[in-house]
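A.B. asks: model this:
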Amino acid sequence: MKFFFLAAILAPVIGVAAEPLMPTAEGTTWNYDLVQQKVSDSLDLAEPEEQERIPVTYRLGGTEKIDNKDLRKLEIYRGNVIDSVDLIAIEENGIICPARTDGHGGVIKLVPPQIMLRTPLEKGKRWTFNGAIGATKVNQQYEIADQEEIEVPAGKFHAWRIHCEQTSPAPATIDRWFVPGTGFVKVATVVKGESGVAAQKTWLNLKEPPKVAAQKNAPPESNKLSGGVSSEPQGEFKTEFKDTASTVYARWHGRGLRDQAGIRAIFIAENVADVSANYQIDEMETTAPAANSGGTFALSRPESGWTTGDYRVEFYLDDSLADTVKFKIVK
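C.D. replies: Next up is the predicted model:
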């Protein structure tokens, strides 16, 4: 999933100067395997034996001033493409995240600033995030559960397990294993469906000890534009929509674009009853406002309702096909 409302709790954090919780040098990098599984049976946190793994990297960059406050940039990459940046600050009682940049390249405020880690670390310590990330209301209850032995590809660790119960925007549980001097070595997330059982499980496992690395290269031409579809203007990306959905939003994110680059989205009914294959439903276009920017195209439900079947959105950068996203409409 996109992890829009979970991003801060997945991010490694930066420690205090006297006795750093984690390395603080610019360029410090944490490399993870991200494993995601859709399920519908239990809340068991045991990992499946076979899953596709997506490389995820967190890298500590420079600083950015938000509301006259210098914040450290924590760059989050999926593969070689930057996905978002968490902007963090070190406070007297822990580490907070007052803002982040979203997939559109804009700044999203967290109100109040979200506590990523409460110090000193001790069993039973609790805190709450009851606020908003942009326009999304979020309620999370945190507790430092205990210290546990855990093994990940980076090695064996004696870690603090931080447990989170989330009630909105979607019911979820998050367990994070934190090692002073290293950071978060594992994160296990379970998003629950309407019935209260697991609908999706995600694991983030540290592959190797943190190290200092140069900033990743600018994306090649073919990776400068990416897209996704959602049922909300800023919600997580989806691959399936109910036929009652009011709108399908096609969001794009550009990186290193030329000045005034042309962005185009074509909505296509790929395999839908009563229409010819690959029927073009609509075409929309805009101009990128900046080199690193994004936007949203919206396709409203027809008056007669959606027809179930297979659809896709083709995203074009100028006149070149940059990305194709497929989705289904179901009853």
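A.B. asks: Low-confidence stretches in this protein?
C.D. replies: Applying pLDDT under 70 to the chain flags the ranges 1-20, 38-52, 102-105, 194-196, 198, 214-223.
A.B. asks: Can you name the next helix or strand after the top strand by length along the chain?
C.D. replies: Longest strand of the chain, by residue count under DSSP state E: strand 136-152. Per DSSP states H and E, strand 136-152 leads on to strand 155-168 as the next helix or strand towards the C-terminus.
A.B. asks: Packing partners of that following strand?
C.D. replies: strand 136-152, strand 172-179, strand 183-192 (3 or more CB pairs under 8 Å, 6 or more residues apart in numbering; DSSP states H and E). No exception for glycine: its C-beta is placed from N, CA and C like everyone else's.
A.B. asks: Now do it against strand 183-192, angle only.
C.D. replies: Counting by axes from the mean of the first three to the mean of the last three CA atoms, to 10 degrees, strand 155-168 lies at 40 degrees to strand 183-192.
A.B. asks: what about the strands in the stretch 151-300 of the chain?
C.D. replies: For the stretch 151-300 of the chain, the strands defined by DSSP state E, counting those that start in this stretch cover 155-168, 172-179, 183-192, 198-206, 211-212, 225-230, 240-242, 247-254, 262-272, 279-287, 293-300.
A.B. asks: Buried residues in the first one, which are they?
C.D. replies: Yep, that's strand 155-168 we're talking about. F157, A159, W160, R161, I162, C164, Q166 (16 or more other CB atoms under 10 Å).
A.B. asks: got it, and the last one?
C.D. replies: By neighbour count, with 16+ other CB under 10 Å as the criterion, the buried positions of strand 293-300 are S293, G294, G295, T296, F297, L299.
A.B. asks: The second one contacts H253, correct?
C.D. replies: It stands for G294. Yes. Counting by CB atoms under 8 Å, G294 touches H253, with 4.1 Å between them.
A.B. asks: V138 is in contact with C164, correct?
C.D. replies: No. The pair C164 / V138 is not scored as a contact, 10.9 Å apart, by CB under 8 Å.
A.B. asks: Show me where the stretch 1-150 of the chain has its strands.
C.D. replies: Under DSSP E, counting those that start in this stretch, the stretch 1-150 of the chain gives strands at 28-38, 53-66, 69-78, 81-91, 94-101, 107-118, 126-133, 136-152.
A.B. asks: residues contacting the closest residue to P289 other than its chain neighbours?
C.D. replies: In space, and not counting its chain neighbours, P289 is closest to G295: 8.0 Å by CB to CB, 6 or more residues apart in numbering. Going by CB atoms under 8 Å, 6 or more residues apart in numbering, G295 touches H104, R251, W252, I263, T286, A288, P289.
A.B. asks: Quick check: beta-bridge partners of the fifth one?
C.D. replies: Residues in a beta bridge with T286, per DSSP bridges, are I263.
A.B. asks: From L21, how far off is it?
C.D. replies: Per CB to CB, to the nearest Å, T286 is found 43 Å from L21.
A.B. asks: picking that back up, looking at the helices and strands packed on strand 155-168, which is buried most?
C.D. replies: With neighbours taken as mean count of other CB atoms under 10 Å, these reach their highest mean count in strand 183-192, at a mean of 22.
A.B. asks: how about the CA coordinates for it, as PDB?
C.D. replies: Taking Å, rounded to 0.1, in the frame of the first residue of the first chain, the C-alpha atoms of strand 183-192 are listed here in PDB:
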ATOM      1  CA  GLY A 183      17.000   2.300  14.500                       C
ATOM      2  CA  PHE A 184      13.900   0.300  13.500                       C
ATOM      3  CA  VAL A 185      14.900  -3.200  12.300                       C
ATOM      4  CA  LYS A 186      11.500  -4.500  11.700                       C
ATOM      5  CA  VAL A 187       7.900  -3.200  11.200                       C
ATOM      6  CA  ALA A 188       4.800  -5.400  11.000                       C
ATOM      7  CA  THR A 189       1.500  -3.800   9.900                       C
ATOM      8  CA  VAL A 190      -1.900  -5.400   9.800                       C
ATOM      9  CA  VAL A 191      -4.700  -3.400   8.200                       C
ATOM     10  CA  LYS A 192      -8.100  -4.700   9.100                       C
END
